[in-house]
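[1] okay, sequence plus prediction incoming.
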Amino acid sequence: MEKPYGCKLPRKFYLQDTLEIARGLLGKYLVHENAQGMTVGKIVETEAYLGKDDPASHAFGGKKTERTEVQFKVGGHVYVYLIYGMYNCFNIVTEKEGEPKSVFVRALEPIAGQDLMRDRRGITDESVDGLVELTNGPGKLCMAMDIDTSMSGKDLCEDEIFVTYPKDEDHMKIVSSERINIDYAGEAKRWPWRFFIKDNSFVSSSE
DNA sequence: CTCACGATTAGA
DNA sequence: CTAATCGTGAGA
């Protein structure tokens, strides 16, 4: 059977500068296969959280707690947390061990397993509008890909969940903006650490 | 132990 | 625009 994805990213990818990784992840495929089946989504929107020097980061000031300690692992691990008591947020830990930086994945474009995604999202609309609703937000993509906090701490360099270079990476223009919904972060709200693929309709709708 | 809060979403 | 909904983490 022909796989709808390419080669898994090596550890080295996740050891680059976090802002480079946030941009570099755009266009890559996130792959998760479990007993229900396989789902694949192209990463189209990310945000960088730069750890101890970033007031918006859960690790601001070097704070380490039970929930956030996976961010201190070596780059390539998964950090998932629950927000508002009901939605999961998927992040990729970056850089060397002890450096609690990460990239938050805000939106995907469904590539494979769309029927399964529709089931998990409870969406019956098979039009383009329905397709966009599957993964155009951080909580939505976690529902579609079946990602929850039990996956926090997993290693993307293993086989349960991983990111790949697609066989043919599309031509795309990357743009940046302020990060979304971090009013608590003061002046850091202005820092342009959100990246997305220009004109991609699966990017989350906030501006 | 208590309790305020959130890197969101769906729906009015 | 707001309600939903609960794990987390700081403080008593």
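    Noted; the coordinates are in hand. Note that the coordinates shown come from a computational prediction; the quantities given were computed from them, not determined experimentally. Numbering: from 1, shown residues only, chains lettered A, B, ... in the order given.
[2] those residues of chain A touching DNA strand C, which are they?
    Residues of chain A found near DNA strand C (C-beta under 7 Å from any atom of the strand) are A:58, A:63, A:65-68, A:81-82, A:84-86, A:149. (C-beta placed from N, C-alpha, C; glycine too.)
[3] what is the nearest of the residues you listed to A:Ile123?
    Ranked by distance to A:Ile123 (C-beta to C-beta), these are led by A:Met86 at 17.2 Å.
[4] helix, strand or coil for the residue nearest to that closest one when sequence neighbours are not counted?
    Closest residue to A:Met86 apart from its sequence neighbours, by C-beta to C-beta, 6 or more residues apart in numbering: A:Gly139 at 7.8 Å. Classification of A:Gly139 using DSSP: H, G, I helix; E, B strand; the rest coil returns helix.
[5] can you give me the neighbour number for the residue in chain A that DNA strand C sits nearest to?
    With C-beta to the nearest atom of the strand, the shortest gap between chain A and DNA strand C falls at A:Gly85, namely 2.6 Å. A:Gly85 has 5 neighbours, counted by other C-beta atoms under 10 Å.
[6] quick check: it vs A:Gly139, distance?
    11 Å (C-beta to C-beta, to the nearest Å).
[7] quick one: residues contacting the spatially most central residue of chain A.
    Residue closest to the mean C-alpha point of chain A, counted by C-alpha atoms, centre = their mean, is A:Val105 at 2.3 Å. Contact analysis of A:Val105 by C-beta atoms under 8 Å, 6 or more residues apart in numbering lists A:25, A:30, A:43, A:45-46, A:90-92, A:138, A:141.
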